[in-house]
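> Next come a sequence and a model predicted from it.
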2 protein chains.
Amino acid sequence: MPVTTGKRADAQRNVTAILDAAAACLVRDPDASVSDIAAAARVGRVTLYGHFASRTELVDAVFVRAVARAHEALDAVDLTGDARQALARLIASSWQVVDESRMLLVAAQRTLPPERIRELHEHPMRRVRSLLERGRAAGVFRFDLPADWLVAVFYTVLHGAADEIGAGRLAPEGAADAITATLLAAFTPPGAPVPG
Amino acid sequence: MPVTTGKRADAQRNVTAILDAAAACLVRDPDASVSDIAAAARVGRVTLYGHFASRTELVDAVFVRAVARAHEALDAVDLTGDARQALARLIASSWQVVDESRMLLVAAQRTLPPERIRELHEHPMRRVRSLLERGRAAGVFRFDLPADWLVAVFYTVLHGAADEIGAGRLAPEGAADAITATLLAAFTPPGAPVPG
DNA sequence: GCTAACTCGAACAGAGGTGTTCGACAAGAG
DNA sequence: CTCTTGTCGAACACCTCTGTTCGAGTTAGC
């Protein structure tokens, strides 16, 4: 985690160039080497090591930035009102984020320890969790399964959709609708009709 | 793909020992080296290369064997009668298989080309697909989403459950029930009540 | 324009992996 | 019992990647 403040202007520019290049490379190949990343950033390998002590630290920084950006984008989503509609809105904004950064997650999983991955996923998960609990209180989401599990289902289905799109078996246009229909049904309390 | 027939007895024994050891090692570490696997199999590295031309070929063989065994185990499941109950039975038998071999899948994904992974997943997928279509015809499963997508949801949720168990957030005892409740709801046609 | 911060290429050391060759040795098949 | 098949350890060549060092050159800041 390089300190961008107090550094010279070109140094700061290089840091962001490296982060951009790393993100691009890691998406293409989760095992991209430091040489590849430095070359893509049009920067010497030595310069890269001047800003990031190790490859692991670089991957961590890329992942942290991606999570922060996703958090920022998702904060704009209105989660008030009917919980089911709010869930639909959250999905519509989330799935593209997941689709874009899923290869980055793969790269992170290969280099960062599992606790770190989980640690960085905590904040985004809280958003889903609180929405889930609000919907439960309103009687539109099920109570018979653990909240942890339902949150996991949310993310699992989103990632699964991204994989299906990547494999060409799901059209990106229809993805949001399919995910929404699936998750709304999965969250519906037993006995209640599935919304359609 | 070493030919086990026509080989000497000890050679055949070694091949299975290598496959067993490889499976065990790859589950522990998806990047396990050939040296590790050979040592675990109590076999010289040269002997291993005598049976498998490359590490990739070995991983492929391990994966093929795991898939075949899973196929065999799942063939014992009765998929006749009510489609929802059949789905429940299939889940009960499937999730443990998935849980055991998910690390193997990770290892395969790191070394085998994506087409190969997909190719080997085709047969198991057919089973789910035909059950899905039977349930659709009977009116108990939804028609408003692509069959491909629903099959993908099936596998995604199973793998997600395995991950949750691995992370200690889901009790293995309750897993089958949670998966079944989730998937039955996800497969329920819009307007129909969620079974419980 | 002077200085400190930064960059760069080349080269280094070290680790760890793959796949091969060699020669001596053991074990199954007939 | 013989002979083919298989096994074994050690060593080899080769590769790729990481992280570091050096000295010379460049750029921003004031």
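Cool, the structure landed.

> Okay, buried residues for whichever helix in chain A runs longest please.
Looking across chain A with DSSP state H, the single longest helix is helix A:83-111. Applying a neighbour-count criterion of 16 or more other C-beta atoms under 10 Å in any protein chain shown, one finds A:83-91, A:93-95, A:97-99, A:101-108, A:111 buried in helix A:83-111. Yep, even glycine has a C-beta here, placed from its N, CA and C like the rest.

> moving C-terminal of that helix, what's the next helix or strand?
Once helix A:83-111 ends, the next helix or strand along the chain (criterion: DSSP states H and E) is helix A:114-137.

> Whether that following helix contacts chain B - can you check?
Yes. With C-beta under 8 Å from any C-beta of the partner chain as the measure, helix A:114-137 is seen reaching chain B through A:Pro114, A:Arg118.

> what packs against the helix or strand just after that helix?
Remark: after helix A:114-137, the chain's next helix or strand is helix A:147-166, criterion DSSP H and E. Helix A:147-166 makes packing contacts with helix A:83-111, helix A:114-137, helix A:172-187, helix B:147-166, helix B:172-187 when contacts are defined by 3 or more C-beta pairs under 8 Å, 6 or more residues apart in numbering or on different chains; DSSP states H and E.

> of those, which approaches A:Pro195 most closely?
Nearest of the helices and strands packed on helix A:147-166 to A:Pro195, taken as C-beta to C-beta: helix A:172-187 at 5.3 Å.

> Need the helices and strands packed on helix A:147-166 in a markdown table (columns: distance to DNA strand C and mean pLDDT).
Formatted as a markdown table, those follow (distance: least, C-beta to the nearest atom of the strand, whole Å; pLDDT from 0 to 100):
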| stretch | distance to DNA strand C | mean pLDDT |
| --- | --- | --- |
| helix A:83-111 | 15 | 95 |
| helix A:114-137 | 20 | 96 |
| helix A:172-187 | 37 | 97 |
| helix B:147-166 | 23 | 97 |
| helix B:172-187 | 31 | 97 |
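
> Now render the ones you listed as a markdown table, adding distance to DNA strand D.
As requested, the helices and strands packed on helix A:147-166 are exported to a markdown table (distance: least, C-beta to the nearest atom of the strand, whole Å):
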| stretch | distance to DNA strand D |
| --- | --- |
| helix A:83-111 | 9 |
| helix A:114-137 | 16 |
| helix A:172-187 | 31 |
| helix B:147-166 | 26 |
| helix B:172-187 | 37 |
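
> Same list (those helices) but as a markdown table, adding distance to A:Ala38.
Rendered in a markdown table, the data for those read as follows (distance: least, C-beta to C-beta, whole Å):
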| stretch | distance to A:Ala38 |
| --- | --- |
| helix A:83-111 | 16 |
| helix A:114-137 | 23 |
| helix A:172-187 | 32 |
| helix B:147-166 | 33 |
| helix B:172-187 | 45 |
